[in-house]
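Enquirer: From the sequence below, what's the structure:
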Amino acid sequence: MTSFDLKSYLQRINYNGDTSPSLQTLNAITQAHAQAIAFENVDVILNKRIYLTDEAIFDKLVTKKRGGYCFEQNALLLQALTHLGFVAKPLSARVRLRFTTREPIAPRTHVFVRVEIGGESFITDVGMGSASLTGALKLVPDLEQETPHEVRRIVKEGHIWYHQVRYGDVWQDACEFTLEEMPLIDREIANWYTSAHPQSHFKGNIMVSLALGNGKRLNLHNYDLTVRSRNGDSEKISLKNNNELIEALTNKFGLNLSASDREALSSFSVAVV
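Expert: Next up is the predicted model:
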């Protein structure tokens, strides 16, 4: 048994609306979560272990007011939805945001959430960084779906489904999946690779994202701070030093960094892999 505190979670995401297990609630919780809890990998670049127990995730993201990446973010969302009475389960995926073609095989190192409401299936995902959902998507192919931020769709080719996001007039694959469930043991293995393997994209590069309330997104990649609009246009600011980096993490993304984390980040240097 876990000691999930629904009241504290709802306070953390600044949500005081309806909590019945409806599509309206699912959309509202998804948006509130994505706008309150930043996607971030600070612990990874500080060589800290990422724990995936329900208690550890709740303590980090809710009690200590930090963020996290997919295995933490979507596990927390899954806990919340389950406690609200939704029928939900974790599905595995391969993130494709960095790829412009289908040829490269991405590792199966992503998890998102499938939710059943009234005999229909939906997906939600608050753990994909700059492409995290702010509204659930109906799990049907070839239907353009509005969200509070970008237009999305799901397409199917053979047995593979692709979740796509539209930037301007261009459709970009966000992730691919096969509807296979991702039990905790598989998440533990993928989490180890993502957080500890020297060739992981998360090692040596700070990546932080937060959905904003005006349809924009705030993204940080090392020293590049970017504000991206709903149509894909962006404005970039280059941070000058580690002090500005720490200030951005705390003041712009709302990360509650400890004194030891701040000290460690003061000597951070990019180590692209």
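Enquirer: CA atoms for contacts and neighbours, from now on please.
Expert: Will do.
Enquirer: Residue 115: what secondary structure?
Expert: strand (DSSP: H, G, I helix; E, B strand; the rest coil).
Enquirer: okay but it is in contact with residue 136, surely?
Expert: No. Shown here, residue 115 and residue 136 do not form a contact pair, counting by Cα atoms under 8 Å, at 9.0 Å.
Enquirer: Those two: which has the busier surroundings?
Expert: residue 136 (27 against 23; other Cα atoms under 10 Å).
Enquirer: State the phi and psi torsions of that one.
Expert: Main-chain torsions, residue 136, degrees, to the nearest 10: phi -70, psi 150.
Enquirer: Quick check, it in contact with residue 27.
Expert: Yes. Assessed by Cα under 8 Å, residue 136 is found in contact with residue 27 at 5.5 Å.
Enquirer: Okay, strands next: where are they in the stretch 151-273 of the chain?
Expert: 151-157, 160-167, 170-177, 207-211, 217-221, 224-228, 234-238 (DSSP state E, counting those that start in this stretch).
Enquirer: Return the most buried member of those.
Expert: Highest mean neighbour count among the strands of the stretch 151-273 of the chain (mean count of other Cα atoms under 10 Å): strand 207-211, with a mean of 27.
Enquirer: and that strand, which strands flank it?
Expert: Next to strand 207-211 in the sheet, as set by DSSP bridges, lie strand 39-40 (antiparallel), strand 217-221 (antiparallel).
Enquirer: who's in contact with it?
Expert: The contact list for strand 207-211, computed with Cα atoms under 8 Å, 6 or more residues apart in numbering, reads 34-42, 129-130, 132, 134, 217-222, 253.
Enquirer: how about low-confidence regions in the stretch 151-273 of the chain?
Expert: For the stretch 151-273 of the chain, applying pLDDT under 70 flags the ranges 271-273.
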